[in-house]
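J.: coords please:
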Amino acid sequence: MEQHAAVASPEITFPHEPASSTKRVWKVFWILLIITMVELSFGFTIYFIHKNPNFNEHLVLAFKGTIVILSLAKAYYIVSVFMHLGDEIRNMIMTIVLPLLLFIWFIAAFLWDGYAWRNLKNKFNRDLPQQTQPQPEGRKPGALD
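T.: A predicted model of the protein is given here:
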C-alpha cells in the first residue's frame, strides 16, 4: 500500500504592525479615568445642589450639559482606540458615523414632534374644558356672548 503525504497549503499571511501600542492604550486609560472622575464630581455636585431648597436650575443644566459632552468624549475615545475605528480609512469611518448621526437625528425629531403633538392635543381638547384656552375672568367655560 502506498501512502500519500497530505500537503497542506501554505498559510497566507501579511506582515503587519500592531494597531496600537501599550503606551497609547495607557494614555487613553488615564484620559478616560480623568473624564470619569470629573463626571462623578459633577454628579455629586448636582446631588448636593438639589439638597439646597433655593438651588439654581441654570447651574444644574450647565452641569448636566457638561456631563453629556464629557460622555461623548469618552465614547469617542473608546470607539477610536479600543474598537480600532480610529485606525480605519475615512470612508469606513463615515460609513459607520453618518448612519449613527441620522439615527440620533430621527430620535430627536420624533421626540420633538411627539412633544408638540401632545401639547396641541391637550390645548385644543374639547372634551376637557380645563385644558382649553384660558377664559377671561368673569366668564364661565362654554358661556355664549
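
J.: Val81: how many residues sit nearby?
T.: Residues lying near Val81 (other Cβ atoms under 10 Å) number 20. Using the backbone N, CA and C atoms, a C-beta is placed for each residue, glycine as well.

J.: now it. Nearest residue, chain neighbours left out?
T.: Nearest non-adjacent residue to Val81, counting by Cβ to Cβ, 6 or more residues apart in numbering: Val28, 4.7 Å away.

J.: got the domain ranges for this protein?
T.: Annotated domains of the chain cover 22-87, 89-131 [automatic domain parsing].

J.: winner for burial among those domains?
T.: For these, average neighbour numbers computed from mean count of other Cβ atoms under 10 Å are highest in domain 22-87, which has a mean of 12.

J.: quick one: mean pLDDT for that one?
T.: Domain 22-87 shows a mean pLDDT of 92.

J.: now do the same end-to-end measure for it.
T.: End-to-end distance for domain 22-87: 15 Å, by Cα to Cα, to the nearest Å.

J.: helices of this protein, start to end?
T.: For the chain, the helices defined by DSSP state H cover 22-51, 57-77, 90-123.

J.: with distance to Met83 added, can I get these in a markdown table?
T.: Below are the helices of the chain laid out as a markdown table (distance: least, Cβ to Cβ, whole Å):
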| stretch | distance to Met83 |
| --- | --- |
| helix 22-51 | 12 |
| helix 57-77 | 10 |
| helix 90-123 | 10 |
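
J.: how far away is the closest residue to Tyr77 other than its chain neighbours from Ile35?
T.: Spatially, and ignoring its direct neighbours in sequence, Tyr77 is nearest to Val28 (5.3 Å; Cβ to Cβ, 6+ apart). The gap separating Val28 from Ile35 is 10 Å, by Cβ to Cβ, to the nearest Å.

J.: go ahead and flag the most central residue of the chain.
T.: Centroid-nearest residue in the chain, with Cα atoms, centre = their mean: Leu72, separated by 6.6 Å.
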